[in-house]
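Undergrad: Please work out how this folds:
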Amino acid sequence: MKILFDECVPWPVRHVLPSHDCQPVQQMGWAGIKNGSLLNLAEGRSDLFLTSDQNLRYQQNLQGRQIAILQLSTNKLNRILAATVLLVQAIETTQPGEFRILEIP
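TA: Presented below is the predicted three-dimensional model:
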């Protein structure tokens with residue numbers, strides 16, 4: 001699965017997702033692009049957008065999107081890494097066009 005990491009998601013998280021093709025927004029040359037335009041760019045190039053932006057669902061109309069969006073409840077690296085099993089499970093089960101929130105303990 002091709003996963004696009006939002007700027008707010010710690011890049012070291014990619015190490016717990018070795019079976020996925022992870023790309024950070026910065027590496028794509030899309031740093032600083034607002035969420036609506038960013039999602040438009042990502043569709044067709046990525047399968048899943050990984051973010052910890054808590055306002056995304058309120059700021060964007062997500063209906064009709066083809067890309068899956070997984071919102072993490074935190075961007076704290078230690079907490080995300082401690083919840084690796086939950087993260088991997090959420091990524092594996094999120095469907096195209098679905099918006100899902102993953103509560104990280």
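
Undergrad: Confirm I3 sits in a helix?
TA: No: applying DSSP: H, G, I helix; E, B strand; the rest coil, one finds I3 to be strand, outside a helix.

Undergrad: give the contact list for it.
TA: By C-beta atoms under 8 Å, 6 or more residues apart in numbering, the contact set of I3 is 17, 20-23, 46-50, 91. From N, CA and C alone the C-beta is placed, and that goes for glycine too.

Undergrad: quick one: which of those is nearest I101?
TA: Set against I101, the nearest of the contacts of I3 by C-beta to C-beta is L50 (12.0 Å).

Undergrad: CA-only coordinates of the lowest-mean-pLDDT helix or strand in the chain, as PDB, when you get a sec.
TA: Least confident element among the helices and strands of the chain, by mean pLDDT, DSSP states H and E: helix 56-59 (a mean of 77). Extracted C-alpha coordinates of helix 56-59, given in PDB (Å, rounded to 0.1, in the frame of the first residue of the first chain):
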ATOM      1  CA  LEU A  56      -9.100  17.800   8.700                       C
ATOM      2  CA  ARG A  57     -12.600  16.300   8.800                       C
ATOM      3  CA  TYR A  58     -14.100  19.700   9.800                       C
ATOM      4  CA  GLN A  59     -12.100  21.800   7.200                       C
END
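
Undergrad: elements contacting the next helix or strand along the chain from it?
TA: As assigned by DSSP states H and E, the chain's next helix or strand after helix 56-59 is strand 68-72. The contact analysis (3 or more C-beta pairs under 8 Å, 6 or more residues apart in numbering; DSSP states H and E) places strand 68-72 against strand 48-51, helix 56-59, helix 84-93, strand 99-102.

Undergrad: want to throw these into TSV with distance to R65 and mean neighbour count?
TA: As requested, the helices and strands packed on strand 68-72 are exported to TSV (distance: least, C-beta to C-beta, whole Å; neighbours: other C-beta atoms under 10 Å):
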stretch	distance to R65	mean neighbour count
strand 48-51	9	25
helix 56-59	11	13
helix 84-93	17	14
strand 99-102	8	16
